[in-house]
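A.B. asks: okay, here's the prediction I keep looking at, along with the sequence it came from:
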Amino acid sequence: MLNLLNVGFSYDNTVDILSDLCLSVEEGEVVALLGPSGCGKSTLLRLISGLLEPSTGSISYDGKCDTAFVFQEPSLMPWATVERNVKLPLKLKNNIDNQQVVDALEAVELAGFEKRFPEALSGGQKMRVSIARALVAQPDILLLDEPFAALDEILRFQMNNLILNLQVKNKLTVLFVTHSIYEAAYLADKVFIMKDGMISGEVTPQLDRSLKPDEQRTSIEFMNAAKQIAELLAGEVV
Ligand code: ADP
Ligand code: MG
């Protein structure tokens with residue numbers, strides 16, 4: 001669905017942030033991106049969303065590929081209700097479809113919260129509104145930049161399961177940046193490790209999704225994936 005071939009990028013034409021980067025994302029996949037701070041993960045998401053253009057190489061999509069972003073900060077409009085916050089992307093496109101708002105809120109399990117204001121929501125609920133706002137325009141690929149880093153572990157687990165449910169129910173394609181080895185091992189079909197502006201390794205966790213979440217999190221496949229990711233991050237050859 002999405003193919004990056006030998007992508008290079010520089011903000012100022014002197015320092016290469018990305019060089020010769022190759023990766024692919026298939027439709028319906030959840031893909032994680034891990035790497036040290038400053039290695040270019042957010043830059044890569046901006047390139048994929050079209051906010052930036054690669055300096056070299058190519059980014060190609062099969063058919064159309066609308067993207068939507070979720071950031072660590074839910075950044076909701078405090079003066080607007082949940083419903084109006086979620087509706088914003090449709091309004092900006094001049095294409096309001098109230099059913100899409102209803103569907104997006106239902107997808108994040110917030111039906112009934114339409115008239116609430118952000119101040120009356122918990123941290124996890126705000127994050128779910130932020131995800132609904134990203135889903136409302138029905139993007140082909142959801143890009144999340146360290147979305148759950150500020151949440152406590154219990155909430156983070158809930159959000160992880162929400163993303164998995166969305167993938168199954170809405171056949172969503174997801175690319176997310178995380179600093180958590182466990183989050184990557186649990187959520188992703190494919191984990192890319194980034195180093196020095198390139199992809200330095202790839203891990204495919206292959207968890208058995210027919211198991212319950214806590215069984216998946218204690219499975220051999222999960223442990224192996226976490227170990228492989230940790231070793232790649234540490235620079236060891238697996
Ligand atoms: P990561 O998300 O992996 O932490 P970033 O993609 O944010 O990394 O940043 C990669 C590099 O690009 C860093 O060295 C950062 O300082 C630089 N950088 C990020 N944004 C800009 C910008 N708008 N202009 C110039 N340099 C930038
Ligand atoms: Mg970043």
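C.D. replies: Happy to help now that I have it. Ligands and ions are numbered 1, 2, ... in the order given.

A.B. asks: okay, now whatever residue of the chain ends up closest to ligand 2: neighbour count?
C.D. replies: Here the chain gets closest to ligand 2 at one residue, S42, 3.2 Å apart by CB to the ion. No exception for glycine: its C-beta is placed from N, CA and C like everyone else's. For S42, the number of neighbouring residues by other CB atoms under 10 Å comes to 16.

A.B. asks: could you do P89 as well?
C.D. replies: Residues near P89, counting by other CB under 10 Å: 18.

A.B. asks: same question for S219.
C.D. replies: Other residues within reach of S219, judged by other CB under 10 Å, total 17.

A.B. asks: also the one 10 residues further on?
C.D. replies: Counted with other CB under 10 Å, residues neighbouring I229 total 25.

A.B. asks: hang on, it in a helix?
C.D. replies: Yes - when DSSP: H, G, I helix; E, B strand; the rest coil is applied, I229 is found to be in a helix.

A.B. asks: please list the residues of the chain that sit near ligand 2.
C.D. replies: By CB under 5 Å from the ion, the residues of the chain that approach ligand 2 are K41, S42.

A.B. asks: so how far is ligand 1 from the residue with the largest distance to the centre of the chain?
C.D. replies: Centroid-distance maximum for the chain: T14 at 29.4 Å, with CA atoms, centre = their mean. Taking CB to the nearest ligand atom, to the nearest Å as the measure, T14 falls 11 Å from ligand 1.

A.B. asks: assign that residue to helix, strand or coil.
C.D. replies: Put simply, T14 is coil when judged by three-state DSSP.

A.B. asks: repeat for M159
C.D. replies: Assigned with three-state DSSP, M159 falls in the helix class.

A.B. asks: just give the nearest non-adjacent residue to it, would you?
C.D. replies: Leaving aside its sequence neighbours, M159 sits nearest to F148 (CB to CB, 6 or more residues apart in numbering; 4.9 Å).

A.B. asks: and P78, how close does it get to A111?
C.D. replies: P78 sits 22 Å away from A111, going by CB to CB, to the nearest Å.

A.B. asks: same deal with D196?
C.D. replies: Distance of D196 to A111, computed by CB to CB: 45 Å.

A.B. asks: elements contacting the helix or strand harbouring G57?
C.D. replies: Mapping G57 onto the secondary structure by DSSP states H and E places it in strand 56-61. Contact here means 3 or more CB pairs under 8 Å, 6 or more residues apart in numbering; DSSP states H and E; on that basis strand 56-61 packs against strand 2-9.

A.B. asks: picking that back up, residues contacting the residue of the chain closest to ligand 2?
C.D. replies: With contacts defined as CB atoms under 8 Å, 6 or more residues apart in numbering, the neighbours of S42 are D145, V177.

A.B. asks: name every strand pairing with the strand holding G57 and say which way it goes.
C.D. replies: Strand 56-61 pairs in its sheet with strand 2-9 (antiparallel), by DSSP bridges.

A.B. asks: tell me the secondary structure at F69.
C.D. replies: With three-state DSSP as the basis, F69 sits in strand.

A.B. asks: no further queries at this time; thank you.
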